[in-house]
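[1] Task: produce atomic coordinates for the following.
(2 chains)
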Amino acid sequence: MPAVNKHILYAIAFLTGFALMGYEILGVRVLSPYYGGSIYVWGAIITVFLAGLAIGYAQGGNIADRIANLNVLRRIILFPALLITTFPVYGQRICKLIYALELDSRAGALLLSMILFLIPCIFLGAVIPILVKMLAVDSKKIGSAAGNIYAVSTAGSIAGTLFTSFFLISWLSVTKCFLLLGLLLIACWLVCVIFQSKRSKE
Amino acid sequence: MNLIARTGIYLMKKYIRTAVFIAALSLVAACTAQEKTSATNSRGKPGFWESVNNFFLPHPEQREVLLEKQTLYFLVTVEKGENGWHHLVFNPNHGSQGIWNPESPDELISNYCKYTTLFLQCADQYPRRVLFVGLGAGIIPRFIRKHFPATIIDVIEIDGEIPGIAEQYFGFRKDDKTNITIGDGRDFINRNKAQYDIIFIDAYNAENIPFQLTTEEFYRKIRAALTPGGLMTANVANLGKPGFMAGEIKTVQSIFPNLAVFVCPGRTNYILFAPVNRKFDSVAIKPKCDELEKISNPELDFRAMLNTRMKAEEIKEMTGGAMILKDDFAPVETMK
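    So this is what the prediction gives:
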């Protein structure tokens, strides 16, 4: 299978890492008007994000072993892209619904985080093993492929955390921030679409 | 001999270079850190070099530390000044959040505590139930309990250690009419079904007010939790962010049109009074209702405090270009 240009894979790794961490910062901003800014709101959100990543990595690995190409990648990226872009539509409604259950604050924050954030995180996590598989055409280079994809993805996460918490939150409303992050992921999806159609023309 | 001489010269040259480099660096550092060499920084706390000095040679004027406790949210210290006053400090190098004199336990020392008692100007009946968002040292709840024994006092405080510290070092007493809940203020008011005559708001984290306690949605809920004759009072510390102060005042005013704003001496705090239906009467200087007239803390000079009220035009000018804070957009951490 002809290898996809590795820069595309790195770009997707960076942007998905960026979107993931930005999403996490926004998540706290969304939950705080309901459950407060207490330590367990942060804990609940971090827990759910990590759980989503763990499940995503495992599932993504299974998928990658069967089939790892831009086609699969495109589909996997589109789902969280749409979920994040449309968050302003459903987010508040779900928050109000879960809050109305009058659960204990810790349980409520955890439940709400799971409902809102788990599924997009699973998909964003699944992206990583697929990128690794696509990068590691040579089985001797699996180590560096994995290392590089994780490094670039983490670099994207650093940028996403910093940029969102230091700047985006101050410049834009939470709604607009969601749109921005969603657009970033849609851009990833477009990259997959464009380069896939380019390759199929060859 | 030659070798020794050469080695000697080499070492001398090497160390002289190092010594000159260090000297130059110190000079540059001392010059560029001019501002920080002042003994106190803009907040009146020890400046950088002062702190360095204090690290090695304890400053004799520093207060005795009665308690130092790392809680989930703060590094709390209780300090005892030379005059025996207890100070509650929430984070190192920040100001006192509560001051209490064990020799004179009913005295209100902090300016913002004195100003908060202006609620007496606006209350024309015995408060049946009051809420405190943020406990601090519990100075005002103690004041309320002393003058209004029958009032039910609800407290919502995020830090579980604070009530114990308030009881142990600041004369705060829990009784059967005082209910302390540990949790977030916004979460509490979201779920709240009670009606309060007075709501006192004084909640901060390390550097600012948590954003979910500053927005119009929050104040809308606060208003809904007040009785028709009720009153909200908030202590907004001047954090050196006029943009935030203006935005906050504009936000509160949008929910409480009858807002009155008082400025503490030195502009350290802005005290907001937001009656639901009535107007804040600055003309009468004695408390309105009969029971309230019995209250006398000698340090309370109502007339002087009332004179610091911001006029309507002043408020309008201040809040002119400010933004109303909403849950969706309340960048309180970075507003200037």
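
[2] Tell me, how many residues neighbour the residue of chain B found nearest chain A?
    Of all residues in chain B, residue B:184 sits closest to chain A, at 2.3 Å by CB to the nearest CB. Where C-beta positions appear, they are placed from N, C-alpha and C, glycine not excepted. Close neighbours of residue B:184, defined as other CB atoms under 10 Å in any protein chain shown, add up to 26.

[3] do the same with the one 3 residues further on
    Summarising burial for residue B:187: neighbours were counted as other CB under 10 Å, giving 25.

[4] close enough to count as contact, it and residue A:35?
    Yes. With contact defined as CB atoms under 8 Å, residue B:187 and residue A:35 form a contacting pair (5.4 Å).

[5] Mutual contacts of those two, please.
    Common neighbours of residue B:187 and residue A:35, using CB atoms under 8 Å, 6 or more residues apart in numbering or on different chains, are residue A:105.

[6] I'd like the distance between the nearest residue to the residue of chain B closest to chain A once chain neighbours are set aside and residue B:213.
    Spatial nearest neighbour of residue B:184, chain neighbours left out: residue A:36 (2.3 Å); criterion: CB to CB, 6 or more residues apart in numbering or on different chains. Residue A:36 is 9 Å from residue B:213, where distance means CB to CB, to the nearest Å.

[7] Give me the more crowded residue out of those two.
    Neighbours were counted for residue A:36 and for residue B:213 using other CB under 10 Å; residue B:213 has more, 27 against 24.

[8] Tell me how far that one lies from residue A:33.
    With distances taken as CB to CB, residue B:213 is found 10 Å from residue A:33.

[9] Check the burial of residue A:81 by counting its neighbours.
    Residue A:81 has 25 nearby residues by other CB under 10 Å.

[10] helices and strands around the helix or strand where it lies, which ones?
    Using DSSP states H and E, residue A:81 maps to helix A:70-85. Using 3 or more CB pairs under 8 Å, 6 or more residues apart in numbering or on different chains; DSSP states H and E as the contact test, the elements touching helix A:70-85 are helix A:6-35, helix A:39-66, helix A:105-135, helix A:174-201.

[11] As a markdown table, those helices with mean neighbour count and distance to residue B:94 would be great.
    Listed next are the helices and strands packed on helix A:70-85 as a markdown table, based on neighbours: other CB atoms under 10 Å in any protein chain shown; distance: least, CB to CB, whole Å:
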| stretch | mean neighbour count | distance to residue B:94 |
| --- | --- | --- |
| helix A:6-35 | 23 | 23 |
| helix A:39-66 | 18 | 20 |
| helix A:105-135 | 22 | 27 |
| helix A:174-201 | 18 | 29 |
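
[12] Pass me the low-pLDDT residue ranges in the chain, would you?
    Picking chain A for this. Scanning chain A for pLDDT under 70 picks out A:1-3, A:138-139, A:200-202.

[13] Wait, chain B was what I had in mind.
    For chain B, the stretches flagged by pLDDT under 70 are B:1, B:30-62, B:93, B:124, B:282-299.

[14] Tell me who's in contact with whichever residue of chain A sits closest to chain B.
    Chain A approaches chain B most closely through residue A:36 (2.3 Å), counting by CB to the nearest CB. Listed by CB under 8 Å, 6+ apart, the contact set of residue A:36 reads A:105, B:158, B:183-187, B:210, B:212.

[15] Then residue A:129?
    By CB under 8 Å, 6+ apart, the neighbours of residue A:129 are A:57, A:60-61, A:63-64.

[16] Farthest pair within these?
    Using CB to CB, the two most remote members of these are A:57 and A:63, lying 10.9 Å apart.

[17] Please enumerate the shared neighbours of those two.
    A:126, A:129.
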